[in-house]
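*Asks:* Here is a sequence with its predicted model. Questions after.
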Amino acid sequence: MAVKIIKTVREMHCAADRIRQAGLRIGLVPTMGYLHKGHLSLVRQALKVTDRIVVSIFVNPLQFGPTEDLAAYPRNLDRDLKLLDQHGVHLAYLPDQKEIYPGDFATSVRVAKLTERLCGASRPGHFEGVTTIVTKLFAAVKPHVAVFGQKDAQQTIVIQRMVRDLNLDVEIQMAPTVREADGLAMSSRNAYLSAEERREAPALYRALMVGQKMIGRGERRAQRVIEAMRDVIEPQRSAEIDYIEAVDAKNLTPVAELKDSILLAVAVRFGNARLIDNALVHIK
């Protein structure tokens, strides 16, 4: 059966109510489209734990800064819908901007502290845009479970806190990062990379592997690990480092001594593409 397209909040409400009244569980995979294997892995995870899958496609203007790539963000809706159909998605929620943000829209959702670090420090307002749209998607789709990718670990941690703080009745799951054969995390923004930048971009993954190996061998000084990761990335000619950090995996605060659960996180600009990646490390 072909994926059903829904374009309005009212229609999405009605569809969600019918599914819930039938005693079925709804899974949501929020996306901005231009789907790749990473997105489809989220769909597969959602299919394991719910009965009806909704994939939303909405390029959210609120999470783009004034100098960022909203207009150039890659789009291919026909291809996206074919992929959703092939992978067993039941509903595609495709609201337009006026449906989501009418002219007199005046409300936002903000999570403090967690959004002020890592990507939040260099992209002011970004996470407020994320939490606002995700709240609106939860209200429209009424999911039991929503699945996000580990590549955007900070985003997932922020949403988990928002759900907890606002007592929202939805389970947030984080699926593992899906990578290319050379380790580069799959991302819609990889389409921006030139041939040379694409050759250099896997340095992010190599740096994370170096950091994990050092920790595995017993290194507990965060600065030593960060310096070793920087030594992997800096030689890349087109790389402009935004941050390389080791932070507590729960509250995202920088740590000097590595213990418990740590997030090694990197953000690097290659030409027009700002790429992020991370590794979760559990230290015994």
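*Replies:* In hand now; what should we look at? The structure displayed is predicted, hence computed values, not measured ones. Numbering: from 1, shown residues only.
*Asks:* Going by C-alpha atoms from here, please, whenever you check contacts or count neighbours.
*Replies:* Fine.
*Asks:* where exactly do the strands run in the stretch 1-150 of the chain?
*Replies:* 4-6, 26-31, 52-57, 91-93, 145-149 (DSSP state E, counting those that start in this stretch).
*Asks:* And for the stretch 151-284 of the chain?
*Replies:* Under DSSP E, counting those that start in this stretch, the stretch 151-284 of the chain gives strands at 171-175, 239-248, 260-270, 273-283.
*Asks:* Of all those strands, which one comes closest to residue 161?
*Replies:* Residue 161 lies closest to strand 171-175 among these, at 10.0 Å (C-alpha to C-alpha).
*Asks:* Break the chain down into its structural domains.
*Replies:* The chain is divided into the following domains under automatic domain parsing: 4-175, 188-279.
*Asks:* Below-threshold pLDDT in the chain: ranges please.
*Replies:* Flagging of the chain using pLDDT under 70 yields the residue ranges 1.
*Asks:* let's see 90
*Replies:* Within the chain, the stretches with pLDDT under 90 are 1, 66-69, 284.
*Asks:* dump the residue contacts of residue 201.
*Replies:* 184, 239, 270 (C-alpha atoms under 8 Å, 6 or more residues apart in numbering).
*Asks:* Could you do residue 39 as well?
*Replies:* Residues near residue 39 by C-alpha under 8 Å, 6+ apart: 29, 31, 149.
*Asks:* Now the buried members of those residues.
*Replies:* The neighbour count (16 or more other C-alpha atoms under 10 Å) marks 29, 149 as buried among the contacts of residue 39.
*Asks:* Mind putting the contacts of residue 39 into a markdown table with distance to residue 201?
*Replies:* What follows is these, written out as a markdown table (distance: C-alpha to C-alpha, whole Å):
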| residue | distance to residue 201 |
| --- | --- |
| 29 | 26 |
| 31 | 23 |
| 149 | 19 |
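*Asks:* Out of the contacts of residue 39, flag the one nearest to residue 174.
*Replies:* Nearest to residue 174 among these, with distances taken as C-alpha to C-alpha, is residue 149, at 5.3 Å.
*Asks:* Ignoring the adjacent residues along the chain, who's closest to that closest one?
*Replies:* Nearest residue to residue 149, sequence neighbours excluded (C-alpha to C-alpha, 6 or more residues apart in numbering): residue 175, at 4.8 Å.
*Asks:* Look up how far residue 249 lies from that neighbour.
*Replies:* Distance, residue 175 to residue 249, using C-alpha to C-alpha, to the nearest Å: 15 Å.
*Asks:* before we move on, what about residue 43?
*Replies:* 25 Å.
*Asks:* Of these two, give the one with the bigger neighbour count.
*Replies:* A count of neighbours by other C-alpha atoms under 10 Å puts residue 43 above the other of residue 43 and residue 249, at 26 against 20.
*Asks:* In contact with that one, which residues?
*Replies:* 29, 53, 55, 87, 89, 147.
*Asks:* in this protein, which residue is closest to the centre?
*Replies:* residue 152 (3.5 Å; C-alpha atoms, centre = their mean).
*Asks:* Quick one: residues contacting that residue.
*Replies:* By C-alpha under 8 Å, 6+ apart, the residues touching residue 152 are 276-277.
*Asks:* same thing with the one 5 residues further on?
*Replies:* Applying C-alpha under 8 Å, 6+ apart, we find residue 157 in contact with residue 250.
*Asks:* That concludes my questions; thank you for your assistance.
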